[in-house]
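>>> Could you work out the structure for the sequence below:
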Amino acid sequence: MTTLTPIEIWLLLAAAGLATLLTRASFIFAEGHYSAPGWLRQLMPFVPIATLTALTIPDIALIEGALALGLGNAKLWAGVVAVLVAARWKNILLTIASGFAALIVLRQLI
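You can find the predicted model right below:
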């Protein structure tokens, strides 16, 4: 294993910070100079839900790296409860509370 010197660590942090700054600044500098195609603008409303799904599904559907879609997966069923509550009442606080409540109850039962 290679250890980094303090100067190498600082240079690495500076490079990562610069890369982040340039990536974010590119959107600001492109404002008014670039117009996204219509098909891309139509898809943009779906980005938040797609991102949230991509971040949460692996944690909900996997137990110790294996796909677990059975009755023994408390997170999966708590997620189903949360999705149903969100679809019915469209209330974020109620969705979070019901999901956590279902998870607590299901962990005790399973």
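>>> ok now stretch 57-72, how far from the chain's centre?
Using C-alpha atoms, centre = their mean, to the nearest Å, the distance from the centre of stretch 57-72 to the centre of the chain it belongs to is 16 Å.
>>> distance between the ends of it?
As for stretch 57-72, its first-to-last residue distance stands at 16 Å under the measure C-alpha to C-alpha, to the nearest Å.
>>> for that stretch, what is the average pLDDT?
Confidence for stretch 57-72, expressed as mean pLDDT, is 95.
>>> for it, which positions count as buried?
Ile60, Ala68 (16 or more other C-beta atoms under 10 Å). Quick note: C-beta positions are derived from backbone N, CA and C, even for glycine.
>>> Also stretch 40-60?
Residues of stretch 40-60 classed as buried by neighbour count (16+ other C-beta under 10 Å): Ile60.
>>> what's next to that stretch, contact-wise?
Ala36, Asn73, Lys75, Leu76, Gly79 (C-beta atoms under 8 Å, 6 or more residues apart in numbering).
>>> change it to 10 Å
35-37, 65, 67-69, 73-80, 82 (C-beta atoms under 10 Å, 6 or more residues apart in numbering).
>>> Distance from the longest helix along the chain to the middle of the chain?
Of all the segments assigned as helix in the chain under DSSP state H, the longest by residue count is helix 6-29. On the basis of C-alpha atoms, centre = their mean, helix 6-29 is displaced by 23 Å from the centre of the chain it belongs to.
>>> swap in stretch 28-40?
Averaging C-alpha coordinates over stretch 28-40 and over its chain gives two centres that are 25 Å apart (C-alpha atoms, centre = their mean).
>>> in that stretch, what's buried?
By neighbour count, with 16+ other C-beta under 10 Å as the criterion, stretch 28-40 contains no buried position.
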